[in-house]
Structure formats: structure tokens, C-alpha cells
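S.K.: Need coordinates for the following:
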Amino acid sequence: MMRLCCSVLFAVTAVAFQVPRPVDPGGVEGSVLDPSSNKPIPAARVTLTPIPIVMGIRPTGGPMNDSFYDTTQMPATRTGKAPPTVLMTDDDGVFRAPLMPGRYYVRAERQGYVPVPAGLTIFSLIPGEKLKGVVLKLNPQSAISGRTVDGEGEPLAGIRVQSLKWTVWGNQRRLLIPQQSASTDERGEYRFVGMTSGQYVLSAATPPDAAASPGRTWVTLFSPGVADLAKARALDLTPGTNLTGVDFRLAPVPVYAVSGKVNAIADGLLVTLAPRDPSLQLASNRQYAAAVGADGTFVLPDVPAGAYLLTALANDPQRKFSGNRQVNVLDQSVAGLTVTIEPGVTIRGQVRVSGEPPLDPQPNLPTIFFEGQTPVFSGGLPAQADPQGRFTIGPLNRDRYRISAQGLPQGYYLKSVQMGGVSSADTLDLTKATSEVIVTIEEGMAEVNGKVFEKGEKPLGDVPVYAVNLRGDVVRSTITVIDGQYRLNELPPGEYRIFPVIDADISDPRVLDRLTAAAAKVTLAPGDRETRHLIVR
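M.R.: Numbers count the residues shown, from 1 in each chain. All right, here's what the predicted structure looks like:
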């Protein structure tokens, strides 16, 4: 018994006084390049910031092992224990430094340059690893300049000029997203610097107190001074572009009245006009709105020509009165419009498994989201299902809705949405008669896997890979591991375009279209596991 106690005591003492294994330091060596010329960028500032290790696929570095997730062996991953490492590139654009093992966020900066979209942002070091060949890319910044003048050619000072970039937003909507703004000086001149590549349109708006003659007003105009976006000058910026002479000739434009009557009266009823083209809804800086009178009439004065969506909304969250109609303002006032508003609708629904009765009681309850399509940025409204899959939501404005689901059982996807005998993949039309909604889910998520190679058949690690459906939605994305392997799992059955991305901005609609058109096409049936190797082009 005594010998057993001594043995236990010796073992405990040995553990208590065990000396931790020394961490084998590593290092990193890389370069900062201008990809347009492939020339090194000297005097660039490189910041390496430790970030916590996250269990999952390791994007760069040597072979995986358990110590990669061990913070005693990866000390740089312990939050607050290691400050950022800041380096400067030498005359050859090279940076190098000893580093403790860990995972790092890397950023390169230099005046006159901007980061390359989808460039390397993370790398990792395991104990003792000497990571070489890290390449960071910076594009030369672009610039746009010009002047604003009035109808007589005189400079206009204090004009707010804004750059708008064509961008893929949310569910693949192509919108003009505001980027930078500037005010013109006493010479009417403006200048934008530090711009990234892409396609732009510029707009200019005069101060609201600028004088105008009767029947005319100042409105936001697109370069060179037109109200119609289709006639605006499109500006294509490539790295290092310096566009000059992007001028505006601004003058008040004719305006007209839009008037009519709402078919019903509700508290706080308001009528608004918004551009019908969704791409303009963020670009417009003027709101046309009017309260509805006690007799249901409304007048919207000073409306320039254009295509609009006229919407009537009541401040009644319990009933959600709403209605809308399209309005074209050409070269005269528009009168006698009728806007039909109706109370919102409450929807009751059921989540069901394809070909089976309603769901068995579930520990994780699915949530069904209803995203209205009018206006564009209405957001998604959630409906939480109960353990039997039943849900209720409302009142909802009478609109068309896009339906999505979260929290489904493992391996299931949303197959269809049905109401009143009409079935759709993921949309509901609540502008018509409504009834119970059946959301059908089905087991059989699919997967695409493979490797990514460059043209010389070298496997590429740390490369993003995307799966885009026929509608243009990015459904899944992942990143390749060190030997080029990727895995896109949890894909609903359907047809996809699969492609890798290196140094490309897929928020640029033209880039996304180009990559999608050249991508490998994969058609997935329920439960499919497809292998497709990809080549970076």
C-alpha cells in the first residue's frame, strides 16, 4: 500500500513539474508586387496580426497536425498575447521576419496603391515552419477628376459629386452603390483618388437652395449632365487609371405634378415615389413623398421625368395597409391616378418532408424567411416553426416574396413552396388570393469536390472556390487546402457553375458574369457526390 502511494505521488509530482516543450519558432518571407507590371513595391508596410485558430481547413503552410490547434504550441493565437508584427519591404519588395507559430491576418499598404480584391489575407505557421513565397499584391490606385459648370459654362462651386459603382448586392441584384463623395472648389473642380477598379457612374446634385425658374428644379444628374441613367457616361477603371475631364453641365430640369386618389383611408397614409429601376434606389438622394388627405387625394409636386414606382403605405402595423403601381412621367403632369390599397395578410403554413406527413417533432426548429421584393431593401421577416413544423407570420404587405429556410434537419434543403395549388422553387405571390403555405423540404444535399490547379498542373492552396446557381446566386464558397483540394458541401440539387477565383472581385457584375460563363457546369441530383478538378484561367 505504501509503495502504491509513493508511486502515485511521484507521478503527480512529475506532471506538476513537467517542463513544457519549447516552441520551435518559424518565420515568413514574401514580397509585395504590382500585378499589372509584376514589379516589386518597395517601402510597403506589411502588418501581420495574430488571430485565433479556428478548427477547420488550414489554407496555407505545411502538413496538418494536432499541435496546430494547441495554443501552447501555437502561442501567437492566444488573444492579446502577441502584438501585430509590422514590416517594411526592401528595395526588392521583399519582407521577412521570424514569427511565433500561429495564424495571421496579413495586410499590405502603400500610398498610391489599393489592395487587390480576393488577394491573400491569411496564412499560418506550424512550429518550426519556414514559410516562403508569400506574395501580396497591391494595385496602383485609380483617380477621376473633372469640373461642374452651369448652362452658360460658368463654374459651379459647392456641388456634391458622388462616385457610384456597379456592384453585386445581396441576392445578386446589380445596383449602383455610393462609394466616395466630394464638393467642387471655387473653380468647379473635383477629384476622387484611391479608387479601386470596376465600372462607375458619377452623379452631381446642386445645393437645395439653388435658384431655379418656375416649372424647373435642380435634381441629381449623371455625367455629363443627364437625368436618364441609360444615357450616362460609363467609366471603366483599371488599376492605375487616371480619368480626367469627366465634366458636368448642370441646369434645372422640367418638373411635373403627380396626383390621384387612394381607394381607402387609413391612419398615417403616405404616398411615395421611388425610381422603378432598382439599381437607382440607393443612388437617388431625393425622396418624393406626400401625405394623403382626408378625402384620399394626394399631390406630389416637382417630379422630374422618369419611370417610378408609386407606393402607398399606412402607419398601421396591425393591418399593414399598402399598395403600389407603376407611373411614367414623360413631358407633362400625371393626374387621375388610382392607388388600390389593401390590408396585409397573415399567412399560416406547414413545413413538410417530401412525400411524407408533416415533420416529426424536431429538437431544432426551422425558421422560414419571407423577403419582400418591393422595395428592394425590405429585408427578411422570420417565421419560427413549432415542433410539428407549423408557422404563422403576418400581417405582411401584399407583395411577392422570396422564401428561404434556416435550421433545417441535417442534410435537408428547401425543395418547393406551394400555395393554392401553385408551386414554386422559392417564391410566393401574396398580391392575389392567399391560402395555407406548404414548405416542402427533402433530404439529399449534394456535394462537389476536387482540386484546383494552375495551368502547369501545380495544385494551388488558399484559393477561393464558388458555386453559383442558374439565377446567379453564390450558393456556397470554400477555400482550397495546401494540396489544392476543395469541398463544396450542403448544396441543394440543381445546376451550378463551379469556379476558382484569384485576384478578382466577384462583387463586380462583369467579373462575376465572366467567371460564371467560363466555369465548369455541374448538374447535381439529390445526394450526388461529384468530383470536378478546376484550372485557374
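S.K.: make it CA atoms for all contacts and neighbour counts henceforth
M.R.: OK.
S.K.: quick one, strands of the stretch 101-250 of the chain?
M.R.: Assigned by DSSP state E, counting those that start in this stretch, the strands in the stretch 101-250 of the chain fall at 102-109, 113-115, 122-125, 130-140, 142-149, 160-169, 173-183, 189-195, 198-205, 216-217, 221-222, 235-237, 242-243, 248-249.
S.K.: Give the pairing partners of the second one; include direction for each.
M.R.: So that's strand 113-115. strand 130-140 (antiparallel) (DSSP bridges).
S.K.: what sits up against stretch 245-257?
M.R.: Residues outside stretch 245-257 that contact it (C-alpha atoms under 8 Å, 6 or more residues apart in numbering) are 144-151, 153, 204, 212-213, 215-219, 221-225, 299-305, 329, 331-335.
S.K.: Just the C-alpha atoms of it, please, in CSV.
M.R.: Taking Å, rounded to 0.1, in the frame of the first residue of the first chain, the C-alpha atoms of stretch 245-257 are listed here in CSV:
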residue,chain,number,x,y,z
GLY,A,245,-12.2,65.7,-68.0
VAL,A,246,-15.3,63.9,-66.6
ASP,A,247,-17.3,67.1,-66.6
PHE,A,248,-20.9,68.0,-65.8
ARG,A,249,-23.1,70.7,-67.3
LEU,A,250,-25.8,71.2,-64.8
ALA,A,251,-29.1,73.1,-65.3
PRO,A,252,-32.5,72.9,-63.7
VAL,A,253,-34.8,70.3,-65.3
PRO,A,254,-38.5,70.5,-66.0
VAL,A,255,-40.7,69.1,-63.3
TYR,A,256,-44.3,67.9,-63.2
ALA,A,257,-47.0,67.0,-60.7
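S.K.: sorry, back to before: I'd like to know which of the strands of the stretch 101-250 of the chain has the weakest mean confidence.
M.R.: Looking over the strands of the stretch 101-250 of the chain, mean pLDDT reaches its minimum on strand 122-125, with a mean of 74.
S.K.: Determine the set of other helices and strands touching it.
M.R.: The elements that strand 122-125 packs onto, with contact taken as 3 or more C-alpha pairs under 8 Å, 6 or more residues apart in numbering; DSSP states H and E, are strand 102-109.
S.K.: hmm, try it at 10 Å
M.R.: Packed against strand 122-125 by the contact rule (3 or more C-alpha pairs under 10 Å, 6 or more residues apart in numbering; DSSP states H and E) you find strand 26-34, strand 45-51, strand 102-109, strand 130-140.
S.K.: Just put those in a markdown table and tack on distance to Thr427 and mean neighbour count.
M.R.: Conversion of the helices and strands packed on strand 122-125 to a markdown table gives the following (distance: least, C-alpha to C-alpha, whole Å; neighbours: other C-alpha atoms under 10 Å):
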| stretch | distance to Thr427 | mean neighbour count |
| --- | --- | --- |
| strand 26-34 | 46 | 20 |
| strand 45-51 | 40 | 20 |
| strand 102-109 | 40 | 21 |
| strand 130-140 | 41 | 19 |
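S.K.: Would you mind giving those as JSON lines with distance to Gly461 added?
M.R.: Shown next, in JSON lines, are the helices and strands packed on strand 122-125 (distance: least, C-alpha to C-alpha, whole Å):
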{"stretch": "strand 26-34", "distance to Gly461": "16"}
{"stretch": "strand 45-51", "distance to Gly461": "19"}
{"stretch": "strand 102-109", "distance to Gly461": "15"}
{"stretch": "strand 130-140", "distance to Gly461": "12"}
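S.K.: Which of those sits closest to Arg537?
M.R.: Nearest of the helices and strands packed on strand 122-125 to Arg537, taken as C-alpha to C-alpha: strand 130-140 at 17.9 Å.
S.K.: picking up where we left off before, and Glu342, which of the strands of the stretch 101-250 of the chain is closest to it?
M.R.: Nearest to Glu342, of those and by C-alpha to C-alpha, is strand 173-183 at 28.0 Å.
S.K.: Just checking: what are the partner strands of that closest one?
M.R.: Strand 173-183 is paired, per DSSP bridges, with strand 160-169 (antiparallel).
S.K.: Now do the buried residues in the strand it pairs with.
M.R.: 160-168 (16 or more other C-alpha atoms under 10 Å).
S.K.: again, but for stretch 345-356
M.R.: Buried residues in stretch 345-356, counting neighbours by 16+ other C-alpha under 10 Å, are found at 345-354.
S.K.: Let me see the mean pLDDT of that stretch.
M.R.: 88.
S.K.: from the buried residues of strand 160-169, which single one is nearest Tyr200?
M.R.: Closest to Tyr200, out of all of these and judged by C-alpha to C-alpha, is Lys165, at 4.4 Å.
S.K.: Please name the bridge partners of that closest one.
M.R.: Ile177, Tyr200.
S.K.: The host helix or strand of Glu495 pairs with which strands, and in what direction?
M.R.: Using DSSP states H and E, Glu495 sits within strand 494-500. Applying DSSP bridges to the sheet, strand 494-500 is found paired with strand 464-469 (antiparallel), strand 520-524 (antiparallel).
S.K.: Need the CA coordinates for it. PDB is fine.
M.R.: Provided in PDB are the C-alpha atoms of strand 494-500 (Å, rounded to 0.1, in the frame of the first residue of the first chain):
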ATOM      1  CA  GLY A 494     -29.700  21.700 -59.200                       C
ATOM      2  CA  GLU A 495     -27.400  23.100 -61.900                       C
ATOM      3  CA  TYR A 496     -24.300  25.100 -60.800                       C
ATOM      4  CA  ARG A 497     -21.300  26.800 -62.200                       C
ATOM      5  CA  ILE A 498     -18.100  26.000 -60.200                       C
ATOM      6  CA  PHE A 499     -15.100  28.200 -60.500                       C
ATOM      7  CA  PRO A 500     -12.000  29.300 -58.500                       C
END
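S.K.: First-to-last residue distance for stretch 421-437?
M.R.: Length of stretch 421-437, first residue to last, C-alpha to C-alpha, to the nearest Å: 10 Å.
S.K.: Buried residues, that stretch. List them.
M.R.: 426-430, 434-435, 437.
S.K.: Flag every buried residue along the strand holding Glu495.
M.R.: So for strand 494-500, counting by 16+ other C-alpha under 10 Å, buried means 495-500.
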